[in-house]
Every structure is written in C-alpha cells, then in structure tokens.
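Turn this into a structure:
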Amino acid sequence: MTILGLMTAPRVASAQTITYVEGFDALPVMVGMAQTDQSLIFDTPSGRILQAHLVGDVTYNASVEFYRATLRSLGWTQDSTSNDGLIFTREDETLRVEWSEAATGGLGITFELNPAPAR
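A predicted model of the protein is given here:
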C-alpha cells in the first residue's frame, strides 16, 4: 500500500500590514509613515475634496520614488513637479503631493485631491 501525502509550505503571517490613506482609493501608507488625524473628506457636486497628512521617519527621496511609482500604478499621470511637490491627474481629479518637515521632526507628506479644473 502506498500513501501519498500532500506537502505544503507552512503559512507565515506577514509581520507587515498594509494600511491605506483614509479617503483615497487604494493609496497605501508607506512603511515608516503614519496618518495624522488632520484629514479632510468632503463631497461636492463637482467631485471629491480630500486632504490627508502623513508623518514619519523616512527619507524624502525614498518617499518620492514610492509615491511616484505607486500613483502611476494606480492610473495617475504626473503632470508637473514643483519645489515642494508633485501634481498628478486621473480622469476628472487632480492630486497634489507635497513634502515638508513635520512639526514633530521627520518628514511630512500632504495629499490634496480636488476636482480637475474644467477644460
């Protein structure tokens, strides 16, 4: 008699849970960052207005590359770059991402979503 067994690799729980920026569709909070309680979520007849703030101990360059790649993968197109941020568009919305020094030290990131201007 032959007994065949099915061997599977043990499941390892991920030590890292993905959290998302409140109000934004599938926009992850970068590891090392945390969302503050200074968020704004508002629906208007012309579209959503959202504002969220993250703070943490990550580098500026790493966070720019993370959010540039993440937003592109979510269908956002980078329109321009300013001294303190990036501007993206998708369908009828504009997203501004700005970096600053956080009041508590470390890096601050602000996401501002607005209806795109009429064309």
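
Centre-most residue in this structure?
By C-alpha atoms, centre = their mean, the chain has its centre lying nearest to Leu27, at 3.9 Å.

Run me through the strand neighbours of the lowest-mean-pLDDT helix or strand in the chain, direction for each.
The helix or strand of the chain with the lowest confidence, counting by mean pLDDT, DSSP states H and E, is strand 77-82 at a mean of 86. With DSSP bridges as the test, strand 77-82 is paired with strand 85-90 (antiparallel).

send the alpha carbons of the least confident helix or strand of the chain over as PDB?
Listed next in PDB are the C-alpha coordinates belonging to strand 77-82 (Å, rounded to 0.1, in the frame of the first residue of the first chain):
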ATOM      1  CA  THR A  77      -0.400  60.600 -14.600                       C
ATOM      2  CA  GLN A  78       2.300  63.000 -13.300                       C
ATOM      3  CA  ASP A  79       1.600  66.500 -14.800                       C
ATOM      4  CA  SER A  80       4.300  68.500 -13.100                       C
ATOM      5  CA  THR A  81       6.900  68.900 -10.400                       C
ATOM      6  CA  SER A  82       7.200  71.900  -8.100                       C
END
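
And the spatially closest residue to Gly32 that is not a sequence neighbour, how far from Val29?
Distances taken as C-beta to C-beta, 6 or more residues apart in numbering put Val58 closest to Gly32, at 4.2 Å, once the chain neighbours are dropped. All C-beta atoms are positioned from the backbone trio N, CA, C, and that covers glycine. Using C-beta to C-beta, to the nearest Å, Val58 is found at 11 Å from Val29.

repeat for Leu54
Taken as C-beta to C-beta, the span from Leu54 to Val29 is 6 Å.

same check, this time on Pro115
Pro115 is 24 Å from Val29, by C-beta to C-beta.

Many thanks, we can stop here.
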